[in-house]
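# Structure here, sequence nowhere to be found:
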């Protein structure tokens, strides 16, 4: 069971979406342990209470200085022993001591397509005001990991686009945490496509990658048969020597598909099915990488190997 602590500052509409997702099963095996706000009047706290979720206020107004507030906030979060911290409309600058305590375990929901309209001064309604003032045609939301900068943490799909991906295929595997019904999958795909379009413009790509509809693993294997080379990073693959030889053997101009597993990894049968369909297992080294890191690692290696100019 994945344990969440959600940080909010206002009404908590993003919090409500998470609560609803857990209730309807689209966010399975997940529990919100607590909702914490810096604002004692935040309606999000009432939303939490209405669903029998612990609610707490830790306000900087109650402390002599920022350092004391930061320490109190960290201790309050630690008391709930979360696996993941979600910033859902949180207007508090996350202190470095919290980032150090929870590396790659804090995610933020930002209401723009980062790196546009983000950073210092862009929060809440100010983001939307900036978007409308500039008259942009495409906007959206970004979920990213929190680091010690402001809205500077890694973004999954945007980074993949910048590295030259032709298309992104969301695949439902057996160990996927989130299960999407047809309606929710359609909405997610549309949002991901907007992010891809924005990232393509920012990275000066003429070709906008297509975000395909969510596929089952079997459907993805059929789709991938049209490609020249199929790779599947797998923790039980042979050593780095074999992987390097395989990468070097790929000729420029070949179409390449890369299967990236969920956080729990592929099941052995899924790997076997992929190999039967022609996929070659590769290793990414001794460390087991997170899903978003594994994809970027493979793309970076392929870009270095195949791009001449």
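The structure has been received and is ready for your questions. All figures in this text were calculated on a predicted structure; none of them were measured in a lab.
# I figured residue 208 was touching residue 200, is that so?
Yes. Between residue 208 and residue 200 a contact is recorded at 4.5 Å, counting by CB atoms under 8 Å. All C-beta atoms are positioned from the backbone trio N, CA, C, and that covers glycine.
# Would you mind telling me which of the two has more residues around it?
Between residue 208 and residue 200, counting by other CB atoms under 10 Å, residue 200 is the more crowded of the two (18 against 14).
# Is the more buried one part of a helix or strand, or is it coil?
Three-state assignment for residue 200 (DSSP: H, G, I helix; E, B strand; the rest coil): helix.
# so it makes contact with residue 209?
Yes. Between residue 200 and residue 209 there is a contact under CB under 8 Å: 6.6 Å.
# For the protein, which residues score under the pLDDT cut-off?
Along the chain, segments meeting pLDDT under 70 span 123-124, 128, 131, 135-140, 156-163, 202-207, 307-309.
# care to break it down by domain?
As assigned by automatic domain parsing, the chain contains the domains 2-153, 160-306.
# how far is the longest one from where the chain is centred?
I take that to be domain 2-153. 15 Å (CA atoms, centre = their mean, to the nearest Å).
# which residues in the stretch 101-250 of the chain form helices?
Remark: helices assigned in the stretch 101-250 of the chain by DSSP state H, counting those that start in this stretch are 125-134, 156-162, 182-202, 217-224, 240-248.
# Counting neighbours, which bits of the helix or strand hosting residue 31 end up buried?
Using DSSP states H and E, residue 31 sits within strand 30-37. For strand 30-37, burial by neighbour count (16 or more other CB atoms under 10 Å) applies to 30, 32, 33, 34, 35, 36, 37.
# close enough to count as contact, the fifth one and residue 50?
No. The pair residue 35 / residue 50 is not scored as a contact, 10.8 Å apart, by CB under 8 Å.
# What is the neighbour count of the closest residue to residue 39 other than its chain neighbours?
Leaving out its chain neighbours, the residue that sits closest to residue 39 by CB to CB, 6 or more residues apart in numbering is residue 9, at 5.4 Å. Residue 9 has 18 neighbours, counted by other CB under 10 Å.
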